[in-house]
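S.K.: okay, sequence plus prediction incoming.
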Amino acid sequence: MPIIKPVRGIHPQIPEDCFVADNATIVGEVTMGTNCSVWFNAVIRGDVHFIKMGNKVNIQDGAVIHATYQKSPTTIGNNVSIGHNAIVHGCTIKDNVLIGMGSIIMDDCVVESNSIIAAGAVVTKNTIVESGSIYAGVPAKKVKDISKELISGEIDRIANNYVKYSSWFKEE
């Protein structure tokens with residue numbers, strides 16, 4: 001059973017069509033949209049500030065979503081994939097974004113729509129990731145613009161695949 005518990009009387013809000021893996025943890029002021037999935041060993045900790053997720057968001061294995069006490073909530077838009085072991089902390093992720101495996105998005109960053117954060121990138125505090133771009137490196141910098149093919153070929157494909165993968169577990 002996943003750990004889903006209130007903090008200071010505030011319960012996570014998880015629609016019935018979402019998938020939450022058996023050992024995922026979701027606590028506190030967390031609001032999820034429809035068709036979301038939270039995978040094995042992922043942690044979404046809405047204990048110190050709110051975390052709001054749109055529709056069709058997947059939080060992959062080992063990812064951590066948190067915020068900064070009384071300062072920086074975390075807001076995640078629609079059609080977002082957060083890769084394995086990524087850390088998303090006190091920031092805003094807009095729609096149609098791919099956060100690569102092992103990347104870190106720090107406080108008060110804004111990742112604009114139709115963007116990709118490369119695997120292993122570190123997006124430092126207060127960075128604004130331009131819409132339609134790929135950021136990579138440590139610290140992360142813009143490396144190129146995204147084509148429409150990459151948006152549909154990677155961002156949409158991965159988000160749609162995770163809706164499909166989660167359906168396999170709901171059948172059990």
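M.R.: Good, I have the coordinates.
S.K.: for this protein, which strand is longest?
M.R.: Across the chain, the longest stretch assigned as strand under DSSP state E is strand 43-53.
S.K.: with only the CA atoms kept, save that strand in PDB.
M.R.: The C-alpha trace of strand 43-53 is given here as PDB (Å, rounded to 0.1, in the frame of the first residue of the first chain):
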ATOM      1  CA  VAL A  43       7.900  10.900  -3.000                       C
ATOM      2  CA  ILE A  44       5.500  13.900  -3.200                       C
ATOM      3  CA  ARG A  45       5.800  15.900   0.000                       C
ATOM      4  CA  GLY A  46       3.300  18.600   0.500                       C
ATOM      5  CA  ASP A  47       4.100  19.200   4.100                       C
ATOM      6  CA  VAL A  48       5.700  22.600   4.000                       C
ATOM      7  CA  HIS A  49       3.900  24.200   1.100                       C
ATOM      8  CA  PHE A  50       1.300  23.100  -1.500                       C
ATOM      9  CA  ILE A  51       2.000  20.900  -4.600                       C
ATOM     10  CA  LYS A  52      -0.400  21.200  -7.400                       C
ATOM     11  CA  MET A  53      -0.300  18.900 -10.500                       C
END
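S.K.: listing partners with orientation, what would you give for the helix or strand that that strand is followed by?
M.R.: Note on strand 43-53: by DSSP states H and E, the next helix or strand toward the C-terminus is strand 57-59. The strands that strand 57-59 pairs with in its sheet are strand 37-38 (parallel), strand 80-82 (parallel) (by DSSP bridges).
S.K.: list just the one of the ones you listed that sits closest to Ser167.
M.R.: Closest to Ser167 of those is strand 37-38 (Cβ to Cβ; 9.5 Å). Yep, even glycine has a C-beta here, placed from its N, CA and C like the rest.
S.K.: low pLDDT regions in the chain?
M.R.: The chain contains residues with pLDDT under 70 at 171-172.
S.K.: ok, longest helix in it?
M.R.: In the chain, taking DSSP state H as the definition, the longest helix is helix 157-170.
S.K.: surely Tyr135 is in contact with Ala119?
M.R.: No: counting by Cβ atoms under 8 Å, Ala119 is not a contact partner of Tyr135; they are 11.4 Å apart.
S.K.: so what pairs up with Thr74 in the strands?
M.R.: Going by DSSP bridges, Thr74 is paired in beta bridges with Ile51.
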